[in-house]
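Asks: compute the structure for the input listed below.
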Amino acid sequence: MFITFEGIDGCGKSTQISLFEATLREKGISSVITREPGGTKIGQAIRKILLDLDDTHMVPLAELFLYAADRAQHVREVINPALEAGKWVISDRYVDATTVYQGVVLGHHEELIEQINREATLGCRPDITFLLDCPAEVGLERRAKRDPHNKRKDRFERKTLDFHIKIRYGYLALANKHKDRFRIIDSTLPEDLVARKIREAISPYLP
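Replies: Numbers count the residues shown, from 1 in each chain. So this is what the prediction gives:
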């Protein structure tokens, strides 16, 4: 199984992925936890470029190709080998993030993004995508509480509230378009209740 977690900054992906991994471990399921960008050594170098606060002059097309480069390496080095070995793969972001961030918000044509992602992923698509949904204000407030002095903010976290609102609704529109794959979870709920809803959604696939 290939499972991805998506959502705006501060939606709780990291916490829920950790809890989800624990659930799989209890069931005796071997899993690989990874992320985009940065799931490989090459990807970590790309991530540093993408999130660097000094890279304010990066043009949108360059950003799109950097994410595609990270994904191409990620699929070939981590995701496909793990799936072929019979492991579950859980990724913090994947193709949907590019569709929303570089497509909906930065204005690249959907056809271009689909073509680039086809080449980068070798057709590897998630079986299930959990969209942890919350208002942009809630996500940003959570991030601020974790980093009250703004020491860890990256290039995307410095974006305006309007940017994050567009991201949220971009994700919701994408989830509505791919209802067979997406599971929308209200991440304003308590952490344990969010985790329970994720377990309930995945239970038909567990031994």
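
Asks: which helix is the longest one in the protein?
Replies: Secondary structure assigned by DSSP state H gives helix 161-177 as the longest helix of the chain.

Asks: check which element follows that helix along the chain.
Replies: Reading on from helix 161-177 to the C-terminus, the next helix or strand found by DSSP states H and E is strand 182-186.

Asks: report all helices and strands that that following strand contacts.
Replies: Packing contacts for strand 182-186, counted by 3 or more Cβ pairs under 8 Å, 6 or more residues apart in numbering; DSSP states H and E, involve strand 128-133, helix 161-177, helix 191-202. From N, CA and C alone the C-beta is placed, and that goes for glycine too.

Asks: neighbouring strands - and their directions - for that strand?
Replies: Using DSSP bridges, strand 182-186 pairs in its sheet with strand 128-133 (parallel).

Asks: next, the angle from the partner strand to helix 161-177.
Replies: Computed with axes from the mean of the first three to the mean of the last three Cα atoms, to 10 degrees, the direction of strand 128-133 lies at 140 degrees from that of helix 161-177.

Asks: dump strand 128-133 to PDB, restricted to CA.
Replies: Included here for strand 128-133 are C-alpha records, laid out as PDB according to Å, rounded to 0.1, in the frame of the first residue of the first chain:
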ATOM      1  CA  ILE A 128      -5.100   6.400  -0.400                       C
ATOM      2  CA  THR A 129      -4.500  10.000   0.300                       C
ATOM      3  CA  PHE A 130      -5.400  11.500   3.600                       C
ATOM      4  CA  LEU A 131      -6.200  15.200   3.400                       C
ATOM      5  CA  LEU A 132      -5.900  16.700   6.900                       C
ATOM      6  CA  ASP A 133      -8.100  19.700   6.500                       C
END
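
Asks: specify the angle between it and helix 191-202 in degrees.
Replies: Inter-element angle recorded for strand 128-133 and helix 191-202: 150 degrees (by the same axes, to 10 degrees).

Asks: no more questions from me, cheers.
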